[in-house]
Structure formats: structure tokens, C-alpha cells
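Asks: what would the 3D arrangement of this be:
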Amino acid sequence: MKHDTKKLEPIPRPLVIIAWIMVLGLMAPMLDSTMINIAMHQLSNQFHTDLATVQWTVTGFILAMGAAAPFSSWLVAHFSGKKVYFWAEIGFGFASLLAGISWNIESLIIFRLIQGFTGGLIMPVMFTLLVDAVGGDKMGRIMAIIGVPMTLGPMLGPIIGGIIVEYATWRFIFFLNVPVIAIAAFLLIRKVPETTPKNKQLSFDFIGVTLLIVMSTTVVYGIVQASNVGTFNNSKTLIFISIGLVALVGYILYANKQPEKVVMPLRLFTHRNFSGSMIGIFLSGFVTSGPMLLLPLFFQSIRGDSVIVAAMALIPQSIGMLISRGAIGKMIDLWGARWVTIIGVGVTLVGTIPFIYFNKSSDYWLIAVVIFIRGIGGAAIKSATQVDAYVGIQKSDSATASLSSNIFQQIGSGFATAVLATIVTSYNTIHHVTSLSGLTTAFQRGFLWSAILVVLILIPAFMLTNRVQTK
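Replies: Next up is the predicted model:
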């Protein structure tokens, strides 16, 4: 085989500026979603309630984000995409301010729901605006830019959150969002050109949106319950996942009868690369979200590190993702997503398999190198699978492609997190683990399954775009 030697056309500077403004707008939700995890115990003490109740500040946020996604494509079709993005930003900033002045746990949960809903609109609308502006063939390099908050959020969020909790109050976790949102909104008004509605005559698909919300929220909630109790074989998980599957079947039947009116048309899945992209996005949770649950716990529970040290130990992964994104973006635009995903799977395995053997006495420098490699592989898989959703589709379908990508990512992240958490928890329960060596084995088992499940991404990888010429 040989690589296509054509040169990539440079992306115009105004479009790069627009991408960076969008990145700034995404930073607040990405940081907020990771900082709050550090404050669980402080919130429990502040409001004199148990951790199970406080956990709803996280669970509610995730469910609200999933519920918001189906609204995004209709809003962009009916209103200016720029205005939708602007008001979603303002809504998130206002909800952050209210969350910061919450007077009890119930009010905080309510404001977190509003945060989740407005934050859930920001990402799909951002993707829609960027695809319309630059085209699907340049999204690889644009992903190198918009991937910054997705990388910095998991890296900086726990560190900033830990510092805030240690030296100030949890309220500043939310107050910090307000100036970031204000700057992003101001730049959006000044620098981003107006956009026109895609189809103002499009009626709101109440049935389709309802079915998608029921599907995404019940499945995610059921999965969260599985991770909490350590097994998928519990009544809440089985009931809620069953409801989600019934809603999915109902949506498929409804979409077949209303192909032109439905919020997420099934015709998109007739594109081989789009279907491969959705499967890949779902499975990529075993590269990102799932291991991101295990890694901090590994450093704290096995190696005895503090919360801040555990967060800092993950920095090499984020550095690997950051420094590789530019090259990965160019590779996607030149070679297509298929080969970048395949290479990414190989690199991710190199950065995951050693954790099957790491323990309390493993050298920090060796762990740092492996985590750095893991970051490069994760960036390749995540970027390639997301970008390919927009290749070959009509511009009018960009909003629905963003919606689909967002839903599959939300459910995939929750599923991967629950699976790996359940593997570790069930091992501890079955073997009545009380020693450090037993706990270490449980985590090693989790990383083993993470590596096995990452290999599954090779299946949808061969459905993705291939721009490499063969002889």
C-alpha cells in the first residue's frame, strides 16, 4: 500500500480562531465535570447528608447531559446555531453561579441538573457549527484543537478541584466557571459569524426526542446502579436497561415510519463509516472513561497516594494526548480514520497491558512512561472515531450526526465505567478481599479486561474511512 501524497490545504486563520473560541466555551463544562468528584466528602459534611445522596450531583449531571442531546439538532435546525451555543453557554454560567450559592443538597442537585442540560447542548452544537464551517474533510486537524478541553479537563480538573477543596471552599468550583463563560460568550459575539437556521419549518419531533431521552437516561442510570453495587445482576439495573432497550426498539420502529421527520434519521446508518464511527465511539469508553475510573483509585488504594498526587500522576497521559493531537489530526485527514484507529488500538494496548502487572512497588517513572504512551493511543482512537461520523454526510445532516455521536459517547462512557468498576468490585466481593495483594489483583483484573475490550475496536475500525491507496 502507499500513502496519498497530496498536500493538505491549510485551514484559514479565521476558522482556527472560531475553533479556539469554541474550545474556551467547552472548557468550563469539561473542568466542572471532573472537579466536582474531588468535593464529595466536603459536600457530605457541609450539607450533613450521606455520600449516596451527594452522588446525585454527579449522576444527575450525567443524566441531564444525555437528555439534552436530542434537543440539539432541532434547536440548530430551527434557530441560529450561534445563538443556541451562546444561550447554552449563558445558561451553564448562570446555573454555575446558582450552584455556588446552593443552600442545601436538594438545591445543588437541581442546579446541577440545569448545568448538565445546558452543558449537554454545548458539545453537539459546537461540532455542528465547526463541521458546517470547515467541512468533514478537515475535521481531523480541527479535532486537534477542540480536543484540548477534552484533554485538559480530566488532567486539570482533579488538581484544581483538590486545591480548591484543600485551601478554600467547594463553592469556588462553580464560581470559577462564571468568568470563563463570560469571556467565551463575549468572544463568540465578536468573532463568530452569524449562522442561519438549517430548516425553520422542521417540526419538533416530540415522540422521537422522548424515546431517545428515555433510552439514554434509563440505560445510563441502570449502568450507574451496576457500578454502585458491583454487579449487573441487580433489579434496578435490569429494569432500567430493559426500559431503555424497549425505548430503543420503539424508536427504530417509529423512525422507519417517519424517516423524514424523525430527530435522528436511520438513513445515516446506511453510511458504513458512520455506523463504524458510532460503534467505535461507544467502545472507546474502554479507552477513556473506564480506565479513568481505575487509574486514580489504583494510585490512592494500592500505592497510598493522596488525591492531588493521584491526579498529578495522570498528567503524563494528558501530555501524551496533547502533544500527539496535531500529528494525529493530519494523519486522519491524509490516511482516513481506519488506519489511525488501528494504530491507536496497538499503542493503547502498549499503554494498558503493563498495568496488569503493576503493583505498589512499581517504579513511578515506568508507570509515567506507560501512561504517556496510553495518552497517545487514546487520542488517536477518540479523534479518529469521532471525526469519521462527519465524513461523507450531507451538510444538512451535521446536527443529527453530532446528536448521534453524543448519545453513543454518553452511553459508552457509562457502560465502560460500570463494566470495569463491576469487575473490580465483584472480584473483591467473591474473594472476600481484605489484603493489599488481593486488592491489587482486583485492579489488575480490571486492567486486563480493559485491554481485552479495547481490541474489540478493531472490528468497527475496518468500517471507517480509508484514504490509503493500495496496489
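Asks: contact partners for Val350?
Replies: Shown in contact with Val350 (C-beta atoms under 8 Å, 6 or more residues apart in numbering): Val370, Ile373, Arg374, Gly377. Every C-beta, even on glycine, is put in place using the N, C-alpha and C of the backbone.
Asks: then Tyr427?
Replies: Tyr427 neighbours (C-beta under 8 Å, 6+ apart): Val433, Thr441, Ala442, Arg445.
Asks: from those residues, pick the one nearest Gly290.
Replies: When these are ranked by distance to Gly290 (C-beta to C-beta), Arg445 comes first, at 13.2 Å.
Asks: for the closest one, which non-adjacent residue is closest in space?
Replies: Spatially, and ignoring its direct neighbours in sequence, Arg445 is nearest to Tyr427 (5.4 Å; C-beta to C-beta, 6 or more residues apart in numbering).
Asks: quick one: low-confidence parts of the chain?
Replies: Filtered on pLDDT under 70, the chain yields the residue ranges 1-9, 37-38, 41, 51-52, 134-140, 143-155, 198-202, 227-228, 230, 469-471.
Asks: pretty sure Arg467 is touching Met331, no?
Replies: No: if you go by C-beta atoms under 8 Å, Arg467 and Met331 don't touch, sitting 10.0 Å apart.
Asks: those two: which is more packed in?
Replies: Using other C-beta atoms under 10 Å, the more surrounded residue of Arg467 and Met331 is Met331, with 22 against 17.
Asks: report the buried residues of the helix or strand that contains the more buried one.
Replies: Using DSSP states H and E, Met331 sits in helix 315-335. Using 16 or more other C-beta atoms under 10 Å as the test for burial, helix 315-335 gives 315-322, 324-325, 328-329, 331-335.
Asks: grab the nearest non-local neighbour of the residue positioned nearest the centre of the chain.
Replies: For the chain, the residue sitting closest to the mean C-alpha position, by C-alpha atoms, centre = their mean, is Gln409 at 5.8 Å. Distances taken as C-beta to C-beta, 6+ apart place Ile281 nearest to Gln409, at 5.2 Å, with adjacent residues excluded.
Asks: contacting residues around the helix or strand where that neighbour lies?
Replies: Assigned by DSSP H and E, Ile281 belongs to helix 272-283. With contact meaning C-beta under 8 Å, 6+ apart, helix 272-283 is reached by 268-269, 337, 341, 381, 384-386, 388-389, 391-393, 401, 404-405, 408-409, 411-412, 415-416, 453-454, 456-457, 459-465.
Asks: quick one, the next helix-or-strand element following that helix and helix 315-335 angle?
Replies: Next along the chain after helix 272-283, taking DSSP H and E as the criterion, comes helix 289-297. Interaxial angle of helix 289-297 relative to helix 315-335 (axes from the mean of the first three to the mean of the last three C-alpha atoms, to 10 degrees): 160 degrees.
Asks: now helix 289-297: buried residues?
Replies: Using 16+ other C-beta under 10 Å as the test for burial, helix 289-297 gives Ser289, Gly290, Pro291, Met292, Leu293, Leu294, Leu295, Pro296.
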